[in-house]
Each structure stands twice: as C-alpha cells, then as structure tokens.
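Undergrad: My questions concern the predicted model and sequence given below.
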There are 4 protein chains.
Amino acid sequence: MRGYAADKDGYLKRLKRIEGQVRGLQRMVEEDRYCIDILTQVAAATKALHSVALELLEDHLGTCVAQATAAGGVEASGKVKEASDAIARLLHS
Amino acid sequence: MRGYAADKDGYLKRLKRIEGQVRGLQRMVEEDRYCIDILTQVAAATKALHSVALELLEDHLGTCVAQATAAGGVEASGKVKEASDAIARLLHS
Amino acid sequence: MRGYAADKDGYLKRLKRIEGQVRGLQRMVEEDRYCIDILTQVAAATKALHSVALELLEDHLGTCVAQATAAGGVEASGKVKEASDAIARLLHS
Amino acid sequence: MRGYAADKDGYLKRLKRIEGQVRGLQRMVEEDRYCIDILTQVAAATKALHSVALELLEDHLGTCVAQATAAGGVEASGKVKEASDAIARLLHS
C-alpha cells in the first residue's frame, strides 16, 4: 500500500488540473500572448506541482519511511536517505 | 511581435512534452507506483517548466524589455520591474 | 539529543564558511564589483545554506521523526507534518 | 557605475543582517536547539539572500543590460544571456 493510496482520486484530480494548465500554456503561445502572462502561468503550474510533491512526501514519510524506521537498521537509513535525495531534487529543479 | 515568436514551434513541442510528463504522473498514481519514483518525475516536470520559463525570460529581456529601456522613462523602469516580479514568482513557486 | 548532535563541529564549520561568504558579498559591494559576479556569489551562499538544510533534515528524519513514528499516534503525524512544513518553507524561500 | 551604486548602504545593511542570521544559526547549533527551528532560520536567511539577489538583478537589468541593449549587437545579446544564466543559477541553487 502506497502512502498516497487513501487519496488517489484527490491526486488524480490535481494532476489533471495541472495538465490543463500546461495545455493552457500551449494555447497562450499559439495566441501570441504576452510573455509575462505566460511566465505567471508557468509559475502557477510549478507551484501546483510542488504542492502535489509536498503532499506526496508527507504521505510517504508518514507511512513507508515510518515503517522502515520502526524496523530500524540499514533499511531505515536507506529510506531516510532516499527521501532526502528526493527533497534535494525538488529544491534544485 | 513577441520575444518568443521566432521559436513558437520549439516552445510548443517542449510544452507538449511537459503535458505528456504530467499525464505520465497520473498513470503512475493509477498504477500505485512507488512515491519516490513519482517525486522524481515531478522534479523532472518542474525542471522542464523552469527551463521553458528561463528561455522565455531571455527572449523577453532581449526584445520587449530592451525596446522599453531604449525608449527610456517610466515605461522602461516599469518593464524592468515587471520582469523582476516574474523572476521572483518563479523563485518562490 | 538532536539529530545533528553527532556532527556539530561539521555543521559549525560549514556555517562559519557561509558567514565568510556573506562577508565576502559585503566586500564585493564595497569594492563596486560587477553585479553578475555578486549574484554568482549569492547563488553559491544559497546553495551552501540549502545543503546544510538538507543534511539537517536527513538527520532529523532519521532520529526525531523516526522516534515519533515508532511511538505512533498524534505525535507521529504531528512530527511528519512539521517536517513537511519545513520542507515547504525551504522550497518557497 | 554599477546598477546598485545608488543604494550601496542599503545593500550593505541587508547583508550585515544576513551575516547576523548566519551567526545566529551557529549559536542555535551550539545550544542544541530544535532542528525544525534551525531549518526555519535557514529558510529565513535564504529568503533574505534571494531578496537581495532579486533587487540586484532589477538594478542590473535597468542599467547595465539596458545600456547594452540600447547599443545593440553582440554585446546586447551577451548581456541578456549573462543575466539569464545568473537567474538560472539562483533558481537551481
């Protein structure tokens, strides 16, 4: 069971909305819209993706990582390292 | 004429690829894929959006903002402020 | 015991180096150095701060959060939420 | 003349305050303060550095880059590229 299993529909709804935002960006480029307005929409899409990521991460820390750290040992520190690396990728993306 | 007009096809192609990445994220959630793998894909989509934004910004600075600053006056500082605000939104998104 | 207790000296050394970078920035402004060179140094200092934060976070997840999730209950989800909020603040800073 | 020349004192004051924040971080580590409180302070210092960077960038775009784009040619596109690269470094730091 994944940490996000309890709210799969919520995640899918948010990702569909982000897909719509990215399609909206294509429409803006096709319609020669003002660069700054496009950049504002890019920032909105990025913010929405980050928000999904932060919630996925919270679910993951509260389930998968929690189980591993309860078990302890190499598995535990491996899961913690893996989560930290994922956070680093988000921060530098 | 927009700063990005010379490469509209390139931008549309990149945005379509990002749309595909976001649809890929929905598939991953539906298939109960591992959280960390989903987070890696979120970071990839965010990075691709940032890359589009940085190129749009460069085009915008080299055309629209350049014309305004050549003309000078209130228009010039307004365009520079507007671009800085767009950069701030990206940075904090 | 804090998660970072085992490597306090390492953290202090890194923070002293960052303090040096920020003093270096003041010197650059005083010496009228080129804006882009100053911005490059700002990015270096920010990257160093992020790197400290990511390591603190990893230590925190592997100790404090791990103990709370092993105990379970409200305390556990509170610690996970608190860590997620800290990650969000870094991401949007 | 640098773009930030008109407000050197303002920049120096802000950088001194950031230096104080980084020294505060060292004190927090020495005093075994709670990880999350340290992370909150790291985010505050990063935000302050980003704020300095955004203002430096705005000054730079309105002076140095504006003069280059008014002159046109290779110099102009070089300065625009250089500013974009600086923005990218901040975004990925």
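TA: Here it is on my side, so go on. Numbers count the residues shown, from 1 in each chain, chains lettered A, B, ... in the order given.

Undergrad: Enumerate the helices of chain A by residue range, in sequence order.
TA: A:8-30, A:35-60, A:66-71, A:73-91 (DSSP state H).

Undergrad: Out of these, which is the most enclosed?
TA: helix A:35-60 (a mean of 21; mean count of other Cβ atoms under 10 Å in any protein chain shown). Every C-beta, even on glycine, is put in place using the N, C-alpha and C of the backbone.

Undergrad: Reformat the helices of chain A into TSV and put mean pLDDT next to each item.
TA: Below are those laid out as TSV (pLDDT from 0 to 100):
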stretch	mean pLDDT
helix A:8-30	98
helix A:35-60	97
helix A:66-71	91
helix A:73-91	95
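
Undergrad: and those as CSV, adding distance to chain B?
TA: Compiled in CSV, those are given as follows (distance: least, Cβ to the nearest Cβ, whole Å):
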stretch, distance to chain B
helix A:8-30, 5
helix A:35-60, 4
helix A:66-71, 12
helix A:73-91, 4
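
Undergrad: among these, which is nearest chain D?
TA: helix A:73-91 (8.7 Å; Cβ to the nearest Cβ).

Undergrad: Against which helices or strands is that closest one packed?
TA: helix A:35-60, helix A:66-71, helix B:35-60, helix C:35-60, helix C:73-91 (3 or more Cβ pairs under 8 Å, 6 or more residues apart in numbering or on different chains; DSSP states H and E).

Undergrad: Next one: the first one, is it in contact with chain C?
TA: Yes. Legend: contact between helix A:35-60 and chain C by Cβ under 8 Å from any Cβ of the partner chain is shown at A:50, A:54-55, A:57-58.

Undergrad: contacting residues for residue A:5?
TA: Residues near residue A:5 by Cβ atoms under 8 Å, 6 or more residues apart in numbering or on different chains: residue B:32.

Undergrad: oh, I was asking about residue A:44
TA: Residue A:44 sits next to A:21, B:93 when contact means Cβ under 8 Å, 6+ apart.

Undergrad: do residue A:69 as well
TA: Contacts of residue A:69 by Cβ under 8 Å, 6+ apart are A:76, A:79-80, C:61-62, C:65-66, C:69-70.

Undergrad: and chain A, which residues reach chain D?
TA: Close to chain D, as judged by Cβ under 8 Å from any Cβ, chain A has residues A:92-93.

Undergrad: For chain A, which residue gets nearest to chain D?
TA: residue A:92 (5.1 Å).

Undergrad: Grab the nearest non-local neighbour of that residue.
TA: Nearest residue to residue A:92, sequence neighbours excluded (Cβ to Cβ, 6 or more residues apart in numbering or on different chains): residue D:92, at 5.1 Å.

Undergrad: before we move on, back to that, out of the contacts of residue A:69, who's nearest residue D:19?
TA: residue C:61 (29.4 Å; Cβ to Cβ).

Undergrad: Neighbours of that closest one, how many?
TA: 28 (other Cβ atoms under 10 Å in any protein chain shown).

Undergrad: separation between it and residue C:80?
TA: To residue C:80, residue C:61 is 9 Å away according to Cβ to Cβ, to the nearest Å.

Undergrad: who touches both of those two?
TA: In contact with both residue C:61 and residue C:80: residue A:61, using Cβ under 8 Å, 6+ apart.

Undergrad: which ones are touching the residue nearest the centre of chain A?
TA: By Cα atoms, centre = their mean, the mean C-alpha position of chain A lies nearest to residue A:53, the distance being 2.1 Å. By Cβ under 8 Å, 6+ apart, the contact list for residue A:53 reads A:90, B:39, B:42-43, B:46.

Undergrad: and of those, the nearest to residue C:27?
TA: For the contacts of residue A:53, the nearest to residue C:27 is residue A:90 (33.1 Å; Cβ to Cβ).

Undergrad: Without its sequence neighbours, what residue ends up closest to the closest one?
TA: residue B:43 (5.1 Å).

Undergrad: I figured that neighbour was touching residue A:86, is that so?
TA: Yes. With contacts counted by Cβ atoms under 8 Å, residue B:43 reaches residue A:86, the gap being 7.5 Å.

Undergrad: what's the spacing between residue A:82 and chain C?
TA: Look at residue A:82 and chain C: by Cβ to the nearest Cβ, to the nearest Å, they are 10 Å apart.

Undergrad: how about that residue, what does it touch?
TA: Residue A:82 neighbours (Cβ under 8 Å, 6+ apart): residue B:36.

Undergrad: tell me the contacts of the residue lying closest to residue A:58 once chain neighbours are set aside?
TA: Counting by Cβ to Cβ, 6+ apart, residue C:84 is the residue found nearest to residue A:58 once chain neighbours are left out, at 4.0 Å. Listed by Cβ under 8 Å, 6+ apart, the contact set of residue C:84 reads A:54-55, A:57-58, A:61.

Undergrad: quick check, nearest of those residues to residue B:8?
TA: Within the contacts of residue C:84, the smallest distance to residue B:8 is 33.3 Å, found for residue A:54 (Cβ to Cβ).

Undergrad: ok, that closest one - contacts?
TA: By Cβ under 8 Å, 6+ apart, the contact set of residue A:54 is C:84, C:87-88, C:91.

Undergrad: what do you get for residue A:24?
TA: Neighbouring residues of residue A:24 by Cβ under 8 Å, 6+ apart: residue A:41.

Undergrad: Surely residue A:93 is in contact with residue B:51?
TA: No. In this structure, residue A:93 is not within contact of residue B:51 by Cβ under 8 Å, at 9.7 Å.
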